[in-house]
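# I would like the atomic coordinates for the input below:
(2 chains)
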Number of protein chains: 2
Amino acid sequence: MQKRQKQGNLLRMKRKNVRTDVITPKGFLFSAVEAAIKKPGRKDLALIYSEKEAVMSGMFTSNNVKAAPVKLDMKRIKTGKGQAIVVNSGNANACSGEQGMKDALEMTGLIAEGLKLVRGSVYACSTGVIGTRMPMERIRGKIPGLIAGLEKGTIPDAAAAIMTTDTFPKMVSRRVRVGNETGAITGICKGAGMICPNMATMLCFILTDLGIEKPALDRALREAVTPSFNKITIDGDMSTNDTVLIMANGMAGNRTVKNGSKSFKAFSSALSEVTGELSRLIVKDGEGATKLVEIMVKNARNRQDAENAAFAVANSLLVKTAIYGNDANWGRIMAALGYSGIPMDEEKTDIYFGRIKVVKNGISAGKDREAAEVLRDREISIVIDLHAGKASSTVLTCDLTEGYVRINAEYRT
Amino acid sequence: MQKRQKQGNLLRMKRKNVRTDVITPKGFLFSAVEAAIKKPGRKDLALIYSEKEAVMSGMFTSNNVKAAPVKLDMKRIKTGKGQAIVVNSGNANACSGEQGMKDALEMTGLIAEGLKLVRGSVYACSTGVIGTRMPMERIRGKIPGLIAGLEKGTIPDAAAAIMTTDTFPKMVSRRVRVGNETGAITGICKGAGMICPNMATMLCFILTDLGIEKPALDRALREAVTPSFNKITIDGDMSTNDTVLIMANGMAGNRTVKNGSKSFKAFSSALSEVTGELSRLIVKDGEGATKLVEIMVKNARNRQDAENAAFAVANSLLVKTAIYGNDANWGRIMAALGYSGIPMDEEKTDIYFGRIKVVKNGISAGKDREAAEVLRDREISIVIDLHAGKASSTVLTCDLTEGYVRINAEYRT
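Predicted coordinates for the structure are as follows:
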């Protein structure tokens, strides 16, 4: 990472209260170079490499329009194995037709050749502008340097290189004890915009030196992604490129984690902590966002109702702009609940901003001023009690600001 | 209307190319007064009165959370008759509990008393902030003046008084010949934000001196609203107060229009023109909007697919900000189509910005620069050809700007 860039990242992470320490799991190497994919001046091509072949699992966007590398990875993940991931920012390689698939194949092919791997063990991920051809002539020339860089690259290098409109790199680590061995799980991701997943989200790479069986890894990943990456929204737009990949190379030397065992529980809960914290970082760093908002709907008839209601509120432009303006305009929340499609009793609904009960039985509790004070915080909790059952769901969102509009009106220019 | 306010409205209408002429159908009287409902300085309480009892029809929000006046009107419209509508801006009388219903009943009761009408023939509509009590003490005192004002009030007075964040009053008229008589249909409405209807939308009052049977009026209204008010979106938020009411008082002296007759066709098509033009005015005047955008999805498998796809694109924040920024970022349109839930063949999709084919078979046609030029217009047409069938749907939307954020971050303050 260029020194200036690195210092800027550190500063922004500090400002947003983001931890900057990260553990490198055994046997993983990293590299990042500048390929001027969208424009020069920053590293935008990264490589993650495991010295030993890893057990792998992945989750991908449920968007019908899928980027070429997503299609490729979805095929390769069926082997359940892999050894390297090449990632670029600046270009999504989506809506790029046959040429896009050729380009993704070439990128992984060049890496496989350089690292002396079988082709199928290299995965590709892209993020950035949709519909532009990959600048393969520039990328091609950078591959040797990218591979050579594995000697001294670090996780923050890779985390910074996959950023697009993110303002800081996102990295989270946990240590996990399995039997007598201690391993690590480290995740890095990028987010910022086009965030509203149904399935997986954004680009996220999770690396662990623990050994785990493939079915156990699949299950742990699914259980970790469902309540985290699948419950965040920045703008309601779901990307063509969302990918979560996890590599487990077993180099911690533990007894392989099996489905349903005690060590599975430890692994799974640590993994959920990693994805949970990463998803908070994504929303915190939402485009133009100044506030992280947790919307919890509780006592709904069933889980689906709770989720639909929470997403309706979390995606409401009027709710998001009111939060930005420190306006405890709970009427907009009631309106969003009303059109969320769930059956609801207006008269039974309570709403809390932090600890302030602002709505009681569907009408004002006379606490708008106190609630507005709550909105001045950087992290806000809104709880909606439907009094209709026992199910609940929590969604993370952010406020909507002029900054979001500016970033997205000018993104390609 | 205060003179200064009137001149401002005329100027803004001129700037947005809005016609300012309007026909007053026979036997309708109008009035508007200043009741300082949200704040002083503008007329915010209006009355529409028909000298003869009118046949009436209405369509209402499908939001589960309905304002008190909506609930009241939905009951009263079952009689199919009415003679007056009292409307206020500044307060939605929604999420206002039992007190809200009492207030709506009192407002209509006072009007009925003053005009010597039966209670049930007066309708109430409210628009503005949700969850605040109606300032009945101020409203009560203004009712006599409101009724007295019918002597000299005009349609523009009423159209201006129902505005909230609208920047100009919205009025559209058509003349219709039925047999030997010529009547008029005039609609006024307010919109601006919280616009994404499933059923009806915003507040709209349509007045005609033509005589028409109730079933014919119901059908004509439904047919007029479906492709107009039900196909517009500004922010994807559906209001608690959306109401369309039509009054037909028969004072043009025509032979009563019957369902399925030739004159029904004339009436129906004129009514559709009125609602169509009003819905364009609403989107044109969307909060912070600088551009009117028509999204047409054609050659879809079926109507529902076409509509879902068009609304996904029309509601995408990323599409709307790109249009604001004059960026022909068609990749965001592809992404929105992809997550709209319809089965789609990326490889079969063509996209046009105006006459410029920007996407051919799902990939760039190399015309981004030409397409960006199209986006500089104030009225933009985007056509998406799915090549999957024969159905089509058109939705009107607007761009998303810093202005929208500003208006809605500061709405209550």
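
# In contact with residue A:44, which residues?
Applying Cβ atoms under 8 Å, 6 or more residues apart in numbering or on different chains, one finds that residue A:44 lies in contact with A:34-38, A:88-90, A:161. All C-beta atoms are positioned from the backbone trio N, CA, C, and that covers glycine.

# of those residues, buried ones?
A:34-35, A:37-38, A:88-90, A:161 (16 or more other Cβ atoms under 10 Å in any protein chain shown).

# Between these, which sits nearest residue B:153?
The closest of these to residue B:153 turns out to be residue A:38 (Cβ to Cβ; 59.2 Å).

# what bridges to the closest residue to the closest one other than its chain neighbours?
Of all residues beyond its chain neighbours, the one nearest residue A:38 is residue A:90 (3.2 Å), with distances taken as Cβ to Cβ, 6 or more residues apart in numbering or on different chains. In this entry, residue A:90 is beta-bridged to residue A:128, by DSSP bridges.

# Centre of the chain to stretch A:159-178, how far?
Remark: stretch A:159-178 is offset 9 Å from the chain centroid, using Cα atoms, centre = their mean, to the nearest Å.

# Okay, now the unreliable bits of the stretch 101-250 of chain A?
A:192-201, A:235-236 (pLDDT under 70).

# residue ranges for the strands of it, please.
Along the stretch 101-250 of chain A, counting by DSSP state E, counting those that start in this stretch, strands occupy A:122-129, A:170-178, A:181-190, A:203-208, A:243-248.

# Would you convert the ones you listed into TSV that also reports mean neighbour count?
Converted to TSV, these look like this (neighbours: other Cβ atoms under 10 Å in any protein chain shown):
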stretch	mean neighbour count
strand A:122-129	27
strand A:170-178	21
strand A:181-190	23
strand A:203-208	28
strand A:243-248	28
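
# Turn the ones you listed into CSV, including distance to residue B:370.
Below are the strands of the stretch 101-250 of chain A laid out as CSV (distance: least, Cβ to Cβ, whole Å):
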stretch, distance to residue B:370
strand A:122-129, 18
strand A:170-178, 38
strand A:181-190, 32
strand A:203-208, 32
strand A:243-248, 33
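
# Break chain A into its domains for me.
With domains defined by automatic domain parsing, chain A comprises A:3-284, A:292-409.

# How about the residues of the stretch 201-350 of chain A by chain B?
Neighbours of chain B within the stretch 201-350 of chain A, by Cβ under 8 Å from any Cβ of the partner chain: A:235-240, A:315-318, A:321-322, A:324-325, A:327, A:329-332, A:334-339, A:342-344, A:346-347.

# quick one: which of those residues sit in helices?
Among those, the members found in helices (DSSP state H) are A:315, A:317-318, A:321-322, A:324, A:330-332, A:334-339.

# which one among the buried ones among the contacts of residue A:44 gets closest to residue A:305?
Relative to residue A:305, and with distances defined as Cβ to Cβ, the nearest of the buried ones among the contacts of residue A:44 is residue A:89, at 37.8 Å.

# Scan chain A for its longest strand.
strand A:45-60 (DSSP state E).

# Any part of that one near chain B?
No: no part of strand A:45-60 sits near chain B under the criterion Cβ under 8 Å from any Cβ; the closest distance found is 12.6 Å.

# where exactly do the helices run in chain A?
Under DSSP H, chain A gives helices at A:3-15, A:68-76, A:97-115, A:136-148, A:155-161, A:214-225, A:262-284, A:303-315, A:317-324, A:330-339, A:368-374, A:402-409.

# so what's residue A:183 bridging to?
Going by DSSP bridges, residue A:183 forms beta bridges with residue A:176.

# And it, how far from chain B?
Residue A:183 sits 36 Å away from chain B, going by Cβ to the nearest Cβ, to the nearest Å.

# swap in residue A:93?
11 Å.

# Neighbours of that residue, how many?
30 (other Cβ atoms under 10 Å in any protein chain shown).

# Surely it touches residue A:67?
Yes: under the criterion of Cβ atoms under 8 Å, residue A:93 makes contact with residue A:67 at 5.3 Å.

# Common neighbours of the two, please.
A:100, A:126.

# In this structure residue A:30 contacts residue A:151, no?
No: Residue A:30 sits out of contact with residue A:151 when judged by Cβ under 8 Å, with a separation of 10.3 Å.

# Between the two, point out the one with more neighbours.
Neighbours were counted for residue A:30 and for residue A:151 using other Cβ under 10 Å; residue A:30 has more, 23 against 8.

# ok, now which ones touch the more buried one?
Contacts of residue A:30 (Cβ under 8 Å, 6+ apart): A:24, A:46-49, A:150, A:153-155, A:157-158.

# One more pass at 6 Å, please.
A:48, A:153-155, A:157-158 (Cβ atoms under 6 Å, 6 or more residues apart in numbering or on different chains).

# can I get the residues you listed in CSV with distance to residue A:74?
As requested, those are exported to CSV (distance: Cβ to Cβ, whole Å):
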residue, distance to residue A:74
A:48, 18
A:153, 27
A:154, 29
A:155, 26
A:157, 27
A:158, 22
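
# Thank you, goodbye.
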